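1. compute the structure for the input listed below.
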Amino acid sequence: MPPFTRGHTRNSSQASSVSTTSASTTPAVYIVKKGHTRSSSNSSAVSNDPTSASSSVGSTGLESRSVHQRASTMPLVTTSATTTFPSDSGSLKCATPNPSVSSHSRSSSSSNLVHAGEVIASTGLLRGKKKDFVVLTRNELLRFKNKSKAADTFPSLNSIQRHSSNASSLSSTNTVADSAASTSPLESTICTLDRVTALFEVGHMHIEVAFLDEHCSPRSTILQFATRAETELWLHRLYSSVPKRTVAHTIPAGTLDSLRAYLRTRKDYYEPAFKAYRIVIQQHAQNKSSPKGATSYDDLTKIANATTHAILVIGHYAVHLLAVDSKPSTFSSPHGELQSQFTPLSSHGIVALVHLAMSPRDSTLYLSFRTPLSPVRSLELASCATKDIIQSVRSSLEHLRPCWTEYPLTMDVPEYVQDEPLVPIPDPDPELKDDDHVYGVNGFNMTLAAYCVAYGIPNALKNIAYDVVWDGDNGLVFRLLPPRKSAGLTQMSYSVLELLCVMRALRWNEAFGGISFAGISLASLQDVADHYAPIELDQTRTANSRRISKFMKALPTLKLEMQLLMLCSTALRMLDLNGCVRLPKYGQEMNERASGVIDALMHVAKRATSNVDSFVFSNIQIDLYDFDFLVDVASSRAAHLRNIEIAHCGLYERELTLLLQALEVHESTLEGLDISENPGRISVYSLNESLYRFQYMRHLYMRMLAITSEDLPLLSVDTLSNMRLQRLVLDGTRLRRISVKHLCEYLSTSRSASLVQFSIQSCGVTGGDVGELLSAMGKSPAKQHPDLTVYIGDNPICTAGFDVFLSSITKLGTNIRRISMPRIEFHKEQFLCDFFIVLASPECNITHLDLSLLLIPDADASAHACNLLGNVFARNTSLISLNLTGETSKLQVARIGHGIGRALERLSENSSLRELYIEGNELSVDGAMLIAQALTRNRTIRRIRLDDNEINLQGYTAIVNSIVESGNTVIRYISRPKIDQAKQLQRIRDLCVKSEMEIALLREQQRSTSSTASSDKEARDKFPELKDKVEAHKKAAETLKVLENEWERVYARLDKWLKRGSGASSATLAYVDEEETEEQEKARKAWERLRGAGRIGRKISAGGSVVK
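-> Okay, here's the model as predicted:
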């Protein structure tokens, strides 16, 4: 890192005395906080262009070392001509200084003189020394033959005593070569100060001045000084005299257009972020050929030519360094002109910046970048626009990280630069400015895209899929989804860099309260070690401004990233790693069999250095190594655990008992527990004893647990009443009669009023047991939660007490309105008929009913049962959502059947139903026609799912026509019958393939008989069917093409109507292939309530699948 000292200012009025003490070698390092007040001014002279794009970044080995690594003495001075910048006659004209400017014009104002000194004009092995005199004015750097000549122009120099011992040295390559024969003028201008591009030290006694000459050609002049004190004095005077805006800030319009074209080819152009500056790339530190104190002409030339004049371009996602070609192209094509004018040197992602520094004494700028698994790449630059470059980069960082409160970046810059307001970069899409719900997603998308570009995988954004949902406990939850399909193939898992892009984009993000990698394999990170990570982590601070410990720096990449996710975000409260780590193989060493994440996360949680208090480790095999860490944290009160999920983790009775006992110290904080699907046979006595202590428990999941044969309830009424349960899930766990009695007693009390989900699917309870449970809920003195859903599916309800179950439904009142009972087997059809009769009665107040996959004796329901279902549609006034989804497989048929079409005809009489799910019932075209007739009069249904019903194009077209022609603006969603469409088209494709095979066979037979036939006509007459087959094949192919086009036309017509209808009634659009689920609707409404209450200022929706 550069040895700079903070606190220096760049002021022309600074005191002239300069200390000879060298700068401190310890840089001031700190984390830069966001939140500066930003203004609308900008220092860069560029025009506006509304185009924006992504980018791809390459990188070369352009690196340099720190100032203290340079040679301490460079005795000669040179002015080297390099490449020529392309000039634009209409934008920037190079003013040619007159070498014979009147001395009277300069002496008219003695205040113009800033500094002067005698220098060595030339030196060499066989040449003698010739002394010149250099004068610095407020506008120019001048050279005279001697002091007397300078005094003619500046009379005030006569009062200055000559100090020969401290003479400076100045030389240029052309002076050394031609000094014997040259007839130099009375005076010459080295450069005008407004044309200086960079000014920086080279070693301890040299100063290099980079500028544009009168022909707009870049040149460099190196000044040598006898002492360090004089070097400091000259550097201070020169740096203070250079104006704030020079040619480094101003680039011709034609060159800017070419730079824009270059960024467009790299997909990195975005006009509000576009900036361009002239810079000098310092490479003196890499030149080790010159020995200390060398003064030869060759060494002088090497030093001068080592400086590279270039242009620094800031795009949307990356910083680009481009050298300018001295021979502009003569090609007319944009690509040819671009390739000839600019030579790309390197490109670096802006978000990969880890260190930013500038010198307070000259125009040196240091940029350090690091990508994963790679060392730090440092750029040593110099430019008079250093401050503007730094502010532009900082503005880009804020723009690319809108949800971040801190920069993971160390800066060593003067305080006046830090305090200067930043210029905000507007959002790429101005139409999204007022829609916070969408802007938040774009904010994260930009951050993720920036990391993909910085890590050299710009196309990864097309493969990464995610969504953002609202969770009442954790707020916004980011969920990484499986990779999208790419080039027709599905990538099974993410690559190392893709996962790191996601994790780095999430590391400092303060928008998400939860992060979920559920179902995503993180195995690719388990065996990866970043040996260069300590270099970056030395400057990294956690959210609490703590340093990263040395033990973390040696961790594998997966453990390190997981720990940093916990440590760097203050808003993060939940981490879901459900099934994200591969199961260990038996026979491996203990430390190798560990999951790789549980011990790392528990190590942080135990020290209470993070706000994460909810962990999901389900479907991760927990061995003894991980289990020791888990129990250690569970027994530590400092961990303040709120939720722990360890379903299907291979824990046995001893492990489950120890863990529950250890968790007892969190009796005042633990709100969620999931111990489902573990093989251990747990004792119900010890289970109730432990659970009784958790009086704040809200979510309890105990699916498929094996319990002891003790004559005790699974959960006693005392245990249940002592908790504040909202979700109680016991699916697959056998419930004895005593357990049902305790559940009934609990459900009849007011302590159950907070329940939102009560699930006893596959628990072996009878219809009488279910009836008692429902009756207990109906008798509760407190009103149940309006969203309470009871799940009773896959239970033998019809075996015993079915009449009790039917009676309980009529007595529910308004306490229970949502019942889910899929996979119910009705042994007799009369049971189903009786159930339909109860649903049609006015005493039934159920609003949401799931009857999917119901089993009846015959393959399809009888006409009587379908007529009773029609009565439900016509008479029931409470049902809002009804699920009658069926399934046909080789093993069983679970559906009502095609007779449901007769019941659907009575939908026209319904006045309450909004959602209807009838997939997999083989409605056929006749059923589709009946639905079409009902939708012409029904004005309540909003969503219908009807795929896999043998509905061809004719039936679906009838449904679409009925909606459009009747002007139905209420309906929001109709599923596309993709399965039925594929079946219909496949039948025609099969006919085409069959006809092709028949035609090929007939033609082969015709060729074999043509040799014996007297003529071709005789051969054709033997196969008259060939012509008919060819005509039939052509018609089939034409029919296939027509059908494909007609399906798309019908979809487009429905899309257009649904957008129009939904737009007329609501601001939320639901497209044909995008259904807003009930969960998503709750999330949207929760956002609206929070926003209306002023608790949030920005809404964030999904990235991969939109949450409306």
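2. list the buried residues of stretch 612-624.
-> Val612, Asp613, Ser614, Phe615, Val616, Phe617, Ser618, Asn619, Ile620, Gln621, Ile622, Asp623 (16 or more other C-beta atoms under 10 Å). Where you see a C-beta, it was placed from the backbone N, CA and C, and this is true even at glycine.
3. tell me who's in contact with Ala310.
-> Arg278, Ile279, Val280, Ile281, Leu321, Leu322, Ala323, Val324, Leu345 (C-beta atoms under 8 Å, 6 or more residues apart in numbering).
4. now it: how far from Leu712?
-> 80 Å (C-beta to C-beta, to the nearest Å).
5. chain neighbours aside, what residue packs nearest to Gly768?
-> Gly801 (2.3 Å; C-beta to C-beta, 6 or more residues apart in numbering).
6. my bad, Asn968
-> Distances taken as C-beta to C-beta, 6+ apart place Leu935 nearest to Asn968, at 6.2 Å, with adjacent residues excluded.
7. show me the strands in the stretch 301-450 of the chain, by range?
-> Using DSSP state E, counting those that start in this stretch, the strands of the stretch 301-450 of the chain run over 308-314, 318-324, 342-349, 353-358, 364-369, 377-382, 406-412.
8. in CSV: these, plus mean pLDDT and distance to Leu238.
-> Shown next, in CSV, are the strands of the stretch 301-450 of the chain (pLDDT from 0 to 100; distance: least, C-beta to C-beta, whole Å):
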stretch, mean pLDDT, distance to Leu238
strand 308-314, 91, 19
strand 318-324, 90, 25
strand 342-349, 90, 27
strand 353-358, 91, 17
strand 364-369, 93, 13
strand 377-382, 92, 13
strand 406-412, 80, 22
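9. now render these as CSV, adding distance to Asn146.
-> As requested, these are exported to CSV (distance: least, C-beta to C-beta, whole Å):
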stretch, distance to Asn146
strand 308-314, 32
strand 318-324, 37
strand 342-349, 42
strand 353-358, 38
strand 364-369, 33
strand 377-382, 32
strand 406-412, 43
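10. where in the stretch 151-300 of the chain is pLDDT low?
-> Scanning the stretch 151-300 of the chain with the threshold set as pLDDT under 70 gives 159-187, 283-300.
11. determine the longest helix present in this protein.
-> Determined from DSSP state H, the single longest helix within the chain is helix 1025-1065.
12. what packs against it?
-> Packing partners of helix 1025-1065 (3 or more C-beta pairs under 8 Å, 6 or more residues apart in numbering; DSSP states H and E): helix 953-965, strand 973-974, helix 978-1010.
13. let's see 6 Å
-> Counting contacts by 3 or more C-beta pairs under 6 Å, 6 or more residues apart in numbering; DSSP states H and E, helix 1025-1065 packs against helix 953-965, helix 978-1010.
14. and the last one, what does it pack onto?
-> By that I understand helix 978-1010. For helix 978-1010, the packing partners by 3+ C-beta pairs under 6 Å, 6+ apart come out as helix 1016-1021, helix 1025-1065.
15. what mean pLDDT does the shortest one get?
-> If I follow you right, that is helix 1016-1021. Predicted confidence along helix 1016-1021 averages 60 (mean pLDDT).
16. beyond the strand or helix carrying Thr197, next helix or strand please.
-> Following DSSP states H and E, one finds Thr197 within strand 196-201. The helix or strand immediately downstream of strand 196-201 is strand 206-212, counting by DSSP H and E.
17. next, the buried residues of that following strand.
-> Quick answer for strand 206-212 (16+ other C-beta under 10 Å): His206, Ile207, Glu208, Val209, Ala210, Phe211, Leu212.
18. JSON lines please, covering the residues you listed and showing distance to Ala1052.
-> Listed next are the buried residues of strand 206-212 as JSON lines, based on distance: C-beta to C-beta, whole Å:
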{"residue": "His206", "distance to Ala1052": "72"}
{"residue": "Ile207", "distance to Ala1052": "70"}
{"residue": "Glu208", "distance to Ala1052": "66"}
{"residue": "Val209", "distance to Ala1052": "67"}
{"residue": "Ala210", "distance to Ala1052": "61"}
{"residue": "Phe211", "distance to Ala1052": "63"}
{"residue": "Leu212", "distance to Ala1052": "59"}
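19. between those residues, which is nearest Ser220?
-> The closest of the buried residues of strand 206-212 to Ser220 turns out to be Ala210 (C-beta to C-beta; 4.8 Å).
20. list the residues that contact the residue nearest to the closest one when sequence neighbours are not counted.
-> Ranked by C-beta to C-beta, 6+ apart and with sequence neighbours excluded, the top spatial neighbour of Ala210 is Ala198, at 4.2 Å. Residues in contact with Ala198 (C-beta atoms under 6 Å, 6 or more residues apart in numbering) are Ala210, Val280, Ser363, Ala382, Ser383.
21. try Leu381
-> Shown in contact with Leu381 (C-beta under 6 Å, 6+ apart): Ile279, Ile281, Leu365.
22. specify the beta-bridge partners of it.
-> Counting by DSSP bridges, Leu381 forms beta bridges with Ile281, Leu365.
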